[in-house]
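Enquirer: next come a sequence and a model predicted from it.
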Amino acid sequence: MTPSTRFAVPFLAVTALLAAPATAKEPVYPLEIRELAVRAQIDGNVARTTVRVVLANTGGRAEELDLLFPLPPGAAITSSRLLVEGAEVEGRLLARPEAKEAYEEVVRRQRDPSILKHAGSSAYRSRVFPVPAGGERVASLEYVMALPFEGDSYEYRFVPWDARLFRGNVGRLSIEVEVVSDRELAAIYSPTHPVEVVRDGTRRAVVSYEEDGVRPDGDFRLLVTMPGKQRGMDLLTYRRPGEDGYFMMLGTPPAPEEGELPERNVLLVVDRSGSMRGTKWEEARAAFEHCLTRLRREDRFNVIFFGTEVESYEDRLVPAEPERVSRAVEFVRSLEALGGTNLDGALRTALAQADESDRETEVVLLSDGDPTIGERDFTKILAHVETANTMRARFFVFGVGDDVHIPFLDRLAVTQHGFPMFLSRGENLEEKVTRFYDKIAHPVILDARLDFEGIRVHGVYPPELGSLYAGSEFMVLGRYSGSGTGRAALSGTWGRWMKRGYTYTGEFPERSDSADFLPRLWAARRIGYLIDELRLHGKSQEVLDEVVRLSRDFGILTEYTAFLVEEPDLSVEGLSRRAGEEFERAGTELRGEAARRQAMSKEALKLARELPSPEETLAERTRRIVHEAGTTFVERDGVWTDVSIADLPRDAEVERVERLGDRWFELARADDRLARAFSLGDRVRVRDGAKILEVK
C-alpha cells in the first residue's frame, strides 16, 4: 500500500491583484491546481456560490489533507456543503474565533505563516481529503450567503488562498457571476478585475473573468447597484475617522432619443509614407474603412492621407451619405504607401477643414514615424496645432511601431482634449483601431462636467470628463471633507439641440468602511495625472515628491519609482532624489518599447477602473512589493519591510520577535493587521505605533 502524508492545506488563490509575494521557500504541498472555476448566482441579494477545483498530486505518495476554505468577512452563510468526486464529505462552518484558532493550528503545524493573511475571516473546514499519488481529485464547495444592501448597492466577494502553498500556476481560472434582480440593475463593477459584463435586458446580467496560467493572490470583488429613486449615477464612499474621505461616482449617460445623437465632424488622418508599406498598410486601410462605415448620415467627414504630399478625399467636410462613404472606401483602397512624412502639412489641412459649428469635431490620426517633409520641429508643430484648433477638436492619436516620437504624439493628444494609443511592432492595427473607434462612435454629451454642491471635494479625477458616449460608463474619483448630503450635477451640450444635465443627491458620511479599495484606486489616478504634468511641463520637485509619496504609501510602482523595492528604508526626500534621476533618464526615451511603455502606463493609471496591476517589465519588482493591511511592504534580501518605518526617528524602539514564538502568536492573535503583516514571510519589519517589530 502506498504510504500517505497528511497536511493541513488552506484553499487556493483565485486571481491576481498583484503577483504573489516572492518567497525563498518552495511550496510545501505537492499539489498543482489544474483548474479553478467559481460560479455564482445572485438572485435579489442572495448569492449561491460553487467553487470547483481540480487538484493534481505530483508527488510519489498519496496525501491526506485538511482543507480550510476562507469565507468573506462578515458573510452570513445560510448553508454549505463540500463534495469530492461528487460525493458529499463531512465538514463544518467555523465562526471567526474558531477559524482564527484553526489558522493558528495550521501555522504551528506547517511552520508557514501565509494563512494568517485571512485572520478575521470565517472558514469552512473538512478534515480528510485524500489525493492519490500521481492522481487528481475534483472538489466542489457550495455555499449560500446573504449580501446586505448598503443604500442601493451590495457587494459580492470571493476570498482566495495564498498561491505560494501550491506548485506552479493555476492552469485555468474562470469566474462567472449571474446577477438577477426584480429591480432594474444600474452599475455592475469590479474594482479588482477586468471583467466582462453582458446584460440581458435591464434585470439580468452575466459577469465573467477568465485567464490561463495565473499565479493568483487577492480577493475577487463585484459591486452591484440599483438605480433607487435616482437614475444615472451611483455613489460609493470610504472614510477613516479623522481623515478626509474618498468617493467614487459611477454614471451612465442618459440614453438619447431616436435621432438625437449629436452631429459630428470626423477627420481621418493617416500616414501613407513608405515606412507603412506591407501588413501595416493593409491593416490601416481596413481599419479606416471600418471607421467610414460607422459614420451616420448626419455626420460630416473627410479622409486625409499624407506622405511626401498631403491628399484629401474631398477639399472640405462632406455629409456622410451612403454614396459618398462608398466612394471614400474605394478611395482608401486605391492608395499605396510611399514617400516621406509631411505630418505638419496634414494637421494643418485637417484643422483648416474643421469649422466653428456647434458640432463635435474628432481628428483620428495614425502615424508610424517622425516628420521628414515640411516642418520637422515638434515644438513648432504643436504650436501650429494649438493656434489652429480654435474649435477644440479632440485628437485621438495612434502611434504605430518603434520609430514614432512618443512624447510628441502623447503631448499632441493630451493637450488637444483626446488621448493616445501606442501599438508595438506586430500588434494588430486593424483590431485596435476599430475597437477603439466603435467606443467613440456615438457621443451623447459634449464637454461634460461634474459640479458638486453641499460638500467640499478636492483631488477629483478626471478633472474634465470631456465627451461621454452612448452605452459607456464614466467613473469619477475624488476626496471630500465635511459630511452630509451632497449634490453632483452632470451637465454638457447635446450638439445643436440644447444644454442638458441632471443632478444626483447622495450622502457623504463621517465614516464609511465598505469600499476600502477606493484609496488605492484614487492614488493610481492621481499618479497618472501627476506624471502627465511632469511629461507636459517638465520636472517639478513638488510634483515628483507627491508621485513618490503616493507610490510608496499605496504600493503602486511606476517607471519612475520602481527603484523603491531596492531602497525601502529611504525617506520620501531620499526617494524623491532617486525619482528625479529616473525622470531625467526617462526623458531620453523618445522612441521604442521603453517610451511606449511609459506613455501607456501613464494613460492606464489615469483611466484606472481596477486596482493597478504591473506592466510586464515591472512584474519581477512588483512581486517584491505588496499593499497589506493598509501598509506598503517591500521585500529585500528576504526581509519584508514596512515602508512607513522610514518616517520614524532613527532611535525608534525596536522589539525583536521570534518567528512562530509565543510573542509572535500573541501579537498575531491580538491584532489582525499584524497577523496579515506576519503572513508575508519568515522575516518581517513592521511599524507598530511608535516602535518597530522585527520578526526573525
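Expert: Good, I have the coordinates. Numbers count the residues shown, from 1 in each chain.
Enquirer: residues contacting I304?
Expert: Contacts for I304 were tallied using C-beta atoms under 8 Å, 6 or more residues apart in numbering; they are 267-270, 310-313, 346, 349-350. The way it works is simple: take the backbone N, C-alpha and C, and place the C-beta from them, glycine included.
Enquirer: let's verify E210: helix, strand, or coil?
Expert: Classification of E210 by DSSP: H, G, I helix; E, B strand; the rest coil places it in strand.
Enquirer: in the sheet, who's paired with it?
Expert: Under DSSP bridges, the beta-bridge partners of E210 are S174.
Enquirer: next, count neighbours for it.
Expert: Here the number of neighbours of E210 (other C-beta atoms under 10 Å) works out to 14.
Enquirer: and P191, backbone torsions?
Expert: phi -80, psi -10 (degrees, to the nearest 10).
Enquirer: measure it to G506 for me?
Expert: According to C-beta to C-beta, to the nearest Å, P191 and G506 sit 18 Å apart.
Enquirer: strands - which of the contacts of I304 land there?
Expert: Per DSSP state E, strands hold the following members of the contacts of I304: 267-270, 310-312.
Enquirer: how does this protein divide into domains?
Expert: The chain breaks down by automatic domain parsing into domains covering 4-224, 240-258+444-508, 264-441, 517-618, 624-696.
Enquirer: mind checking how far the first one is from the chain centre?
Expert: Just to be clear, that refers to domain 4-224. Mean-position distance between domain 4-224 and its chain equals 22 Å (C-alpha atoms, centre = their mean, to the nearest Å).
Enquirer: quick one: mean pLDDT for that domain?
Expert: For domain 4-224, mean pLDDT rounds to 75.
Enquirer: quick check: end-to-end length of stretch 464-474?
Expert: 11 Å (C-alpha to C-alpha, to the nearest Å).
Enquirer: highest neighbour count among the contacts of I304?
Expert: In the contacts of I304, the most neighbours by other C-beta under 10 Å go to A346, 28 neighbours.
Enquirer: any idea how far that one lies from D553?
Expert: Using C-beta to C-beta, A346 is found at 45 Å from D553.
Enquirer: how about A346, nearest residue that isn't a chain neighbour?
Expert: Once flanking residues are discounted, A346 sits nearest to F306: 3.7 Å by C-beta to C-beta, 6 or more residues apart in numbering.
Enquirer: residues contacting that neighbour?
Expert: If you count contacts by C-beta under 8 Å, 6+ apart, F306 has them with 269-273, 341-343, 345-346, 349.
Enquirer: show the contacting residues for D152.
Expert: Contact analysis of D152 by C-beta under 8 Å, 6+ apart lists 186, 225-228, 234.
Enquirer: list only buried entries from the residues you listed.
Expert: Listed as buried from the contacts of D152 are 186, 225-227, 234; burial here means 16 or more other C-beta atoms under 10 Å.
Enquirer: just the helices in the stretch 151-300 of the chain please.
Expert: 279-293 (DSSP state H, counting those that start in this stretch).
Enquirer: if you could redo that for the stretch 451-600 of the chain, that was the one I meant.
Expert: Taking DSSP H, counting those that start in this stretch as the test, the helices found in the stretch 451-600 of the chain are 518-537, 541-554, 572-586, 592-606.
Enquirer: mean pLDDT lowest for which of these?
Expert: Of all those, the minimum mean pLDDT falls on helix 592-606 (a mean of 55).
Enquirer: now render the contacts of F306 as JSON lines, adding distance to I527 and pLDDT.
Expert: Formatted as JSON lines, the contacts of F306 follow (distance: C-beta to C-beta, whole Å; pLDDT from 0 to 100):
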{"residue": "V269", "distance to I527": "31", "pLDDT": "93"}
{"residue": "V270", "distance to I527": "33", "pLDDT": "89"}
{"residue": "D271", "distance to I527": "32", "pLDDT": "89"}
{"residue": "R272", "distance to I527": "38", "pLDDT": "89"}
{"residue": "S273", "distance to I527": "36", "pLDDT": "87"}
{"residue": "T341", "distance to I527": "34", "pLDDT": "88"}
{"residue": "N342", "distance to I527": "37", "pLDDT": "92"}
{"residue": "L343", "distance to I527": "31", "pLDDT": "92"}
{"residue": "G345", "distance to I527": "37", "pLDDT": "94"}
{"residue": "A346", "distance to I527": "34", "pLDDT": "93"}
{"residue": "T349", "distance to I527": "37", "pLDDT": "94"}
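Enquirer: and the furthest pair within those?
Expert: Greatest spatial distance in the contacts of F306: S273 and T349, 15.5 Å, computed using C-beta to C-beta.
Enquirer: is it true that A354 touches V266?
Expert: No. Taking contacts as C-beta atoms under 8 Å, A354 lies outside contact range of V266: 10.2 Å.
Enquirer: of these two, who's got more company?
Expert: The residue with more neighbours, out of A354 and V266, is V266; 25 against 22, by other C-beta under 10 Å.
Enquirer: how close does that one sit to A346?
Expert: Applying C-beta to C-beta to V266 and A346 gives a distance of 15 Å.
Enquirer: just S467 next, same as before
Expert: S467 sits 23 Å away from A346, taking C-beta to C-beta as the criterion.
Enquirer: E196 - how many residues pack around it?
Expert: By the criterion of other C-beta under 10 Å, E196 has 10 neighbours.
Enquirer: what's it in contact with, if anything?
Expert: Shown in contact with E196 (C-beta under 8 Å, 6+ apart): 207-209.
Enquirer: what's across from it in the sheet?
Expert: Beta bridges link E196 to S208, judged by DSSP bridges.
Enquirer: next one: it from I188, what distance?
Expert: Taking C-beta to C-beta, one finds E196 at 11 Å from I188.
Enquirer: so what sits against both of the two?
Expert: Among the neighbours of E196, those also in contact with I188 (C-beta under 8 Å, 6+ apart) are V207.
Enquirer: what backbone torsions are found at K380?
Expert: Per-residue torsions, K380: phi -70, psi -40 (degrees, to the nearest 10).
Enquirer: look at it and report its pLDDT.
Expert: Looking at K380, its pLDDT reads 92.
Enquirer: report how many residues lie close to the residue nearest to it when sequence neighbours are not counted.
Expert: Closest residue to K380 apart from its sequence neighbours, by C-beta to C-beta, 6+ apart: D344 at 7.8 Å. Residues lying near D344 (other C-beta under 10 Å) number 22.
Enquirer: helix, strand or coil for D344?
Expert: Classification of D344 using three-state DSSP returns helix.
Enquirer: wait, it sits on F378?
Expert: No. Using C-beta under 8 Å, D344 is not in contact with F378; the gap is 9.6 Å.
Enquirer: for stretch 266-283, how far is the first residue from the last?
Expert: End-to-end distance of stretch 266-283 (C-alpha to C-alpha): 20 Å.
Enquirer: buried residues in that stretch, which are they?
Expert: 266-276, 280-281, 283.
Enquirer: stretch 358-365 too?
Expert: In terms of neighbour count (16+ other C-beta under 10 Å), stretch 358-365 has its buried residues at 359-365.
Enquirer: out of the residues you listed, which one sits closest to D532?
Expert: Nearest to D532 out of the buried residues of stretch 358-365 is L365 (C-beta to C-beta; 19.0 Å).
Enquirer: the helix or strand hosting the closest one to helix 279-293, inter-axis angle?
Expert: If you go by DSSP states H and E, L365 is part of strand 360-367. Per axes from the mean of the first three to the mean of the last three C-alpha atoms, to 10 degrees, the angle that strand 360-367 makes with helix 279-293 is 170 degrees.
Enquirer: and strand 360-367, which strands flank it?
Expert: strand 264-271 (parallel), strand 394-400 (parallel).
Enquirer: before we move on, back to that, okay if I get the buried residues of stretch 358-365 as CSV plus distance to E85?
Expert: Below are those laid out as CSV (distance: C-beta to C-beta, whole Å):
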residue, distance to E85
R359, 64
E360, 60
T361, 63
E362, 58
V363, 61
V364, 56
L365, 59
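Enquirer: what's the farthest-apart pair in those residues?
Expert: Farthest-apart pair in these is R359 and L365; separation 18.7 Å (C-beta to C-beta).
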